[in-house]
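Novice: quick one: sequence and predicted model below, then my questions.
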Amino acid sequence: MPPPDPSDGDTSLMSSKEAPWPGDSDHVRLERAEILSDAWYTLRRYTFAQRRRDGAWQSAAREAYDRGNGVAILLYDRQKRSVVLTRQFRLPAYVNEGGDGMLIEATAGLVDDLDPKAAIIKEVEEETGYHVRDVSELFDIFMSPGAVTERLYFYLAEIEAGVRGSEGGGAADEGEDIERIEVDFDEALAMIDRGEIRDAKTIILLYHMRVKGIL
Ligand SMILES: Nc1nc2c(ncn2[C@@H]2O[C@H](COP(=O)(O)OP(=O)(O)O[C@H]3O[C@H](CO)[C@@H](O)[C@H](O)[C@@H]3O)[C@@H](O)[C@H]2O)c(=O)[nH]1
Ligand SMILES: [Mg+2]
């Protein structure tokens, strides 16, 4: 069966120009992207045809939240065998479970218009005050692929004590208020076990360090 013809439907909401829009593949044909919300970032509903493994085409619709791509980094001090993390209020976590809404996280941010490496260097400076030049690229992964388009690029960087150029703390004019914390590496791993570190990118980075024997 051929894929459904998008011209059958109302195409007035088609926004293939702005929406991320890869070309057709042998098993997916995007038909339209409707913006549901673009107050800050963009939530779209895509309708598409998908070929099932048995060869039949079926229509589907999925919402996808587009905040662009992101970068995350674990900063560590080899001599002190410690890691530098941040603590900040996260509204989505707060509305889910109440409490204080404070999460302990590795430094991270959105790529915006920069390339990922430049973006992470800028983010480290903004959030922690550290200047880093040599960052090691690890991998880039989807953090919530059923709902969010974001690819998150992961990095590691060694810091030397005393080379902070500023206080960090985040961009106050964007409402950020970020506390920098330095934690012994074994203690950070124990904090995952105790449920005190609950942010996925942070846990991935700490376990990566552990599995690869980096600290
Ligand atoms: N006014 C306003 N500001 C917003 C809104 N949403 C985000 N911001 C602001 O946009 C900025 C985003 O900060 P970044 O440091 O660039 O991003 P992040 O929120 O730390 O994101 C990182 O962590 C996320 C969660 O793990 C990741 O999803 C993301 O990729 C990245 O790693 C912050 O100043 C935040 O307050 C909004 O709806 N309204
Ligand atoms: Mg951030």
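Specialist: Okay, I see it. Ligands and ions are numbered 1, 2, ... in the order given.
Novice: count of neighbours near whatever residue of the chain ends up closest to ligand 2?
Specialist: Closest contact between the chain and ligand 2, by Cβ to the ion, is at residue 109 (4.2 Å). C-beta coordinates here come from the backbone N, C-alpha and C atoms, glycine included. Per other Cβ atoms under 10 Å, the neighbour tally for residue 109 reads 20.
Novice: likewise for residue 47?
Specialist: With other Cβ under 10 Å as criterion, residue 47 counts 18.
Novice: surely it is in a helix?
Specialist: No. Counting by DSSP: H, G, I helix; E, B strand; the rest coil, residue 47 falls outside a helix, being strand.
Novice: tell me the pLDDT of it.
Specialist: Per-residue pLDDT puts residue 47 at 97.
Novice: I figured it hits residue 63, correct?
Specialist: No. Contact criterion Cβ atoms under 8 Å: residue 47 and residue 63 do not qualify, at 10.7 Å.
Novice: re the thing from before, surely the residue of the chain closest to ligand 2 touches residue 121?
Specialist: No. In this structure residue 109 lies outside contact range of residue 121 using Cβ under 8 Å: 10.6 Å.
Novice: residues contacting the residue of the chain closest to ligand 2?
Specialist: By Cβ atoms under 8 Å, 6 or more residues apart in numbering, residue 109 lies in contact with 70-71, 119-120, 122-123, 126-127.
Novice: list the buried residues in the strand or helix carrying residue 60.
Specialist: If you go by DSSP states H and E, residue 60 is part of strand 57-66. Neighbour counts over strand 57-66 (16 or more other Cβ atoms under 10 Å) mark 64, 66 as buried.
Novice: stretch 142-158 now?
Specialist: Residues of stretch 142-158 classed as buried: 148-157 (neighbour count, 16+ other Cβ under 10 Å).
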